[in-house]
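[1] Structure of the sequence below:
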Amino acid sequence: MSKLDSGGEAAASSATTAAAAVATPSRYESQKRRDWNTFLQFLKNLNPPASISHCNSNHVLEFLRYLDQFGKTKVHLSGCGFFGQPDPPAACACPLRQAWGSLDALIGRLRAAYEEHGGSPETNPFGNGAVRIYLREVKDCQAKARGIPYKKKKKRKITHPNRNSINSSINLGN
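    Residues are numbered from 1 along each chain as shown. You can find the predicted model right below:
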């Protein structure tokens with residue numbers, strides 16, 4: 001077998017590997033497809049059923065509230081003795097909810113899926129202001145319940161040293 005033959009086999013093998021990599025969706029793509037199908041099923045199960053073409057932010061908010069029943073994050077109510085404590089010492093009867101970060105990521109995936117399925121960015125119900133406000137309220141509520149403030153981080157300014165002082169110190173060293 002010549003080097004050319006083995007090189008051709010290697011090229012064919014790498015092409016097959018590349019095709020397999022393209023055929024296998026990423027974890028993000030798989031999750032996005034699952035989330036999209038779950039949302040479509042939710043719309044179908046509404047009474048009366050709704051289609052994606054008639055979907056609005058109210059459907060999205062109803063979906064997010066529906067998902068709370070499957071949540072795993074303990075959110076203490078304001079009357080709970082553990083309200084505001086990041087690590088409560090005992091169990092309580094407060095509800096389990098979807099974590100804010102999970103909902104935020106879900107909305108991002110559904111927003112992308114909506115546009116991939118032909119929806120326009122201008123009419124995307126997942127990008128609606130009411131959905132953003134709901135997510136902000138969930139974040140604030142969960143932060144207060146856990147006693148952890150979410151504060152927006154300020155951007156750090158990058159300071160550049162004065163070029164004249166660098167040049168003058170270089171000249172002085174000569």
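
[2] which stretch of helix or strand covers the most centrally placed residue in the chain?
    Against the mean C-alpha coordinate of the chain, by Cα atoms, centre = their mean, the closest residue is residue 105 at 1.6 Å. In this structure, residue 105 sits in helix 100-116 according to DSSP states H and E.

[3] by contact count, what packs against that helix?
    With contacts defined as 3 or more Cβ pairs under 8 Å, 6 or more residues apart in numbering; DSSP states H and E, helix 100-116 has these neighbours: helix 27-45, helix 57-67, helix 129-146. Placement of C-beta: from N, CA and C, glycine included.

[4] any weak-confidence spans in this structure?
    Low-confidence segments of the chain (pLDDT under 70): 1-22, 147-155, 158-174.

[5] rerun that using 80 as the cut-off
    1-23, 85-88, 145-174 (pLDDT under 80).

[6] Residue 138: what's it in contact with?
    Shown in contact with residue 138 (Cβ atoms under 8 Å, 6 or more residues apart in numbering): 97, 100, 103.

[7] Please apply the same query to residue 92.
    74, 76, 80, 81, 82.

[8] if we go to 7 Å?
    76, 80, 82 (Cβ atoms under 7 Å, 6 or more residues apart in numbering).

[9] Can you turn the buried part of the residues you listed into a ChimeraX selection?
    To isolate the buried ones among the contacts of residue 92 in ChimeraX, judged by 16 or more other Cβ atoms under 10 Å, type:
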select :76,80,82
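
[10] Residue 118: how many residues sit nearby?
    8 (other Cβ atoms under 10 Å).

[11] tell me which element it falls in.
    Residue 118 belongs to no helix or strand, assigned by DSSP H and E.

[12] Can you tell me how far it is from residue 67?
    Distance of residue 118 to residue 67, computed by Cβ to Cβ, to the nearest Å: 25 Å.

[13] same check, this time on residue 38
    If you go by Cβ to Cβ, the gap between residue 38 and residue 67 works out to 9 Å.
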